[in-house]
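Visitor: turn this into a model:
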Amino acid sequence: MTAAIAFISRYRTRLLLGAAALVVANVIWVAVTYLVYPGYLDHGEPSVTLISWLLLDGAPAFPEIGAPILTGNVYGPLTYVVHALSFLLFGPTIMAGKAASFLAVVLIPVLIFLSHRPRGIEAAAVGTILGAGLVLFHIPYSIWNRPDAFITLLGVVAVWLTNASDPKRPEWTKSIAIALAAGVAVSMKFHAGAYFAPVVIFHCMHQRRGFKTFAAMAVVGLGVVLLPFAFSVFSLSNFITWISALLGKDHPIAYASKFARYGIIYAMPTLFFAAAWRWSGKRIEIPEKVYFWTFVVSFIVILGPATKVGAGTHYFLPFLAVLVDLILRNAGRLKKHETWVWGLAGILCAGILIVGVPVQKRFFRALHWQEVTAIQSEIRAIMATYPDRTIEMGIGQDLTVYPRTYYRTMLVFGGHPYTVDYAPAMELTMLKVPLPDDLLSLLRGCSTDIWLVPKGEPPFTMPGYYGPPTLDRTFSQTFKVSYAKATSYKFFDVWACKQ
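Guide: This is a model prediction of the structure:
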């Protein structure tokens, strides 16, 4: 036992660097796997993909509720701009729709290490292990094309800039850069300001940069948030309408225990702050106290949107950068019991990595490579069989076959219409928003020639994730009046217009 402790003490730096490298390699392995995986794991991913792709054709990201098309989502404009740029560079493929998220995920642990390198290699390694462990713990949310990975990366950048700021200088360049990062994050998710509040306030209070700096940062950040709405594809009024509608979602208590478990992890900075207050040997400065308590308040604020129907514990992920920074910052102040507190940091890292193992197992079990490849081959065959007819993806009755419909992206990439998206449909039906009459008119007039419906399923009768049907029954009734099953394949029935 003594020999083992001596060995660890002697080679501690190398062991920490080795462990950090292994955990980062794990993140890269998972991220690469999902990048090359030909499918999706969540129905929100094709929604983000298609909105982003169609931006390049000038299609609106936020159609009016009640418009003839039932598409859209409540992510901010820059979520779609980032993925649209990826499509512009790499073309319309499923992999291109994941490329930007892949880059963000890989950069998170790398930038954590670089940002904390001035604290010493060992501290940087611990921070990297902790950050990468949290990325793995939040799989698959941390690697999807939703904005969480981007906001987390922007948080890492903001913390890096704050820590790199010279306390003897105003550091206007870094202040503006932090404001830009926060503005981009809020333009991806409306509530993202809560993630950046601790960093921005600490940066402004540190060495009394003060209100002048804060006001300048607020103006820059607000400008970034509002700028996309100057373009016709982003309607501010429609975006506000969507946000307002979804604010009415309930806060179920069914997952209270899960939120409590995740909350324990994100409450860990409290122990390190308390240790620094008790054993640092000097008084903690006011900016440091405000930094910690702003984090606490911000975390409580995020519980509001996180606990709404359809949200989840992945809303905590963008706090990753502040969590790591608070732990390393306070652990580094200690003058007494330093070994025990850093040991606590090691236990925290190990605990997160251990609980992340079953998360990764579930992720890999959810990847159905052969089935997804076969479904996509069938969709290509159907498009080749009906080259002069418009084709759209429908849904059936059973949620277990719903993932087959995720590959509607292939149809839209091929130039086919996109009038109904079932992710926002579930949300709006739950909120009792009626189906647009103009959408039903498109069905009656056979605006789309052919619909693909999971084989053997009654069309458009599937329940939503939140209880009510995905679409009101008038949709399926109208559909059956205008369309009839023409033929069947292995995975899909082809429903063609009767006219």
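
Visitor: tell me the phi and psi of the residue nearest to Val401 when sequence neighbours are not counted?
Guide: Spatial nearest neighbour of Val401, chain neighbours left out: Pro454 (4.1 Å); criterion: C-beta to C-beta, 6 or more residues apart in numbering. Heads up, the C-betas are built off the backbone N, CA and C, glycines and all. Backbone torsions of Pro454, given as degrees, to the nearest 10, read phi -50, psi 140.

Visitor: so where do the helices sit in the stretch 1-150 of the chain?
Guide: 2-10, 12-36, 44-55, 77-90, 96-116, 121-137, 148-164 (DSSP state H, counting those that start in this stretch).

Visitor: now the ones you listed as a markdown table including mean neighbour count and distance to Glu392?
Guide: Putting these into a markdown table (neighbours: other C-beta atoms under 10 Å; distance: least, C-beta to C-beta, whole Å) gives the following:
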| stretch | mean neighbour count | distance to Glu392 |
| --- | --- | --- |
| helix 2-10 | 9 | 61 |
| helix 12-36 | 17 | 27 |
| helix 44-55 | 24 | 12 |
| helix 77-90 | 20 | 20 |
| helix 96-116 | 22 | 19 |
| helix 121-137 | 25 | 36 |
| helix 148-164 | 25 | 29 |
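
Visitor: residue ranges with poor pLDDT in the chain?
Guide: Residues of the chain that meet the criterion pLDDT under 70 lie in 1-9, 207-208, 249-257.

Visitor: who touches Pro436 in this structure?
Guide: By C-beta atoms under 8 Å, 6 or more residues apart in numbering, the contact list for Pro436 reads 66-68, 70.

Visitor: relative to Ala177, which of these is nearest.
Guide: Ala67 (38.2 Å; C-beta to C-beta).

Visitor: can you tell me, leaving aside adjacent residues, what's nearest to that closest one?
Guide: Pro436 (6.3 Å).

Visitor: quick one: the one you found from Met426, how far?
Guide: Distance of Pro436 to Met426, given as C-beta to C-beta, to the nearest Å: 16 Å.

Visitor: cool, and Pro318?
Guide: From Pro318 to Met426 the distance is 25 Å (C-beta to C-beta).

Visitor: those two: which is more packed in?
Guide: Between Pro318 and Met426, Pro318 has the larger neighbour count (other C-beta atoms under 10 Å), namely 28 against 23.

Visitor: could you list the domains of this protein?
Guide: 2-36+74-365, 369-497 (automatic domain parsing).

Visitor: ok so, going back, most neighbours among the contacts of Pro436, please name it.
Guide: That'd be Leu70 among those, by other C-beta under 10 Å, with 22 neighbours.

Visitor: just checking, Arg117 touches Ala124?
Guide: Yes. Contact criterion C-beta atoms under 8 Å: Arg117 and Ala124 qualify, at 4.7 Å.

Visitor: end to end, how far does stretch 402-422 reach?
Guide: 10 Å (C-alpha to C-alpha, to the nearest Å).

Visitor: measure the closest residue in space to Ala149 that isn't next to it in sequence to Leu35 for me?
Guide: Among residues not flanking Ala149 along the chain, Ala104 sits closest, at 4.3 Å (C-beta to C-beta, 6+ apart). Relative to Leu35, Ala104 is positioned 12 Å away (C-beta to C-beta).

Visitor: what's the answer for Val322, then?
Guide: Distance from Val322 to Leu35, by C-beta to C-beta: 28 Å.

Visitor: nearest to Phe259, of the helices of the stretch 1-150 of the chain?
Guide: helix 121-137 (14.3 Å).

Visitor: so what's the gap between the closest one and the chain middle?
Guide: Distance of helix 121-137 from its chain centroid, counting by C-alpha atoms, centre = their mean, to the nearest Å, is 20 Å.

Visitor: could you export it as CSV, CA atoms only?
Guide: Coordinates of the C-alpha atoms in helix 121-137 are reproduced here as CSV (Å, rounded to 0.1, in the frame of the first residue of the first chain):
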residue,chain,number,x,y,z
ILE,A,121,-0.4,20.7,-15.7
GLU,A,122,-2.0,18.6,-12.9
ALA,A,123,-4.9,21.0,-12.4
ALA,A,124,-5.4,21.2,-16.2
ALA,A,125,-5.5,17.4,-16.4
VAL,A,126,-8.0,17.1,-13.6
GLY,A,127,-10.2,19.8,-15.2
THR,A,128,-10.0,17.9,-18.5
ILE,A,129,-10.9,14.6,-17.0
LEU,A,130,-13.9,16.2,-15.2
GLY,A,131,-15.1,18.1,-18.3
ALA,A,132,-14.7,15.1,-20.6
GLY,A,133,-16.4,12.9,-18.1
LEU,A,134,-19.4,15.2,-18.0
VAL,A,135,-19.6,15.1,-21.8
LEU,A,136,-19.6,11.3,-21.6
PHE,A,137,-22.1,11.4,-18.8
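
Visitor: between it and helix 12-36, how big is the angle?
Guide: 30 degrees (axes from the mean of the first three to the mean of the last three C-alpha atoms, to 10 degrees).

Visitor: how much space separates Thr390 from Thr461?
Guide: Thr390 sits 23 Å away from Thr461, going by C-beta to C-beta.

Visitor: let me redo that: Phe231
Guide: Relative to Thr461, and taking C-beta to C-beta, Phe231 is found at 38 Å.

Visitor: would you mark the buried spots in stretch 371-391?
Guide: 372, 375-376, 378-379, 382-383, 390-391 (16 or more other C-beta atoms under 10 Å).

Visitor: which ones among those map onto strands?
Guide: Ile391 (DSSP state E).

Visitor: taking the buried residues of stretch 371-391, tell me the two that lie furthest apart.
Guide: Farthest pair in those, by C-beta to C-beta: Val372 and Thr390, 24.0 Å.
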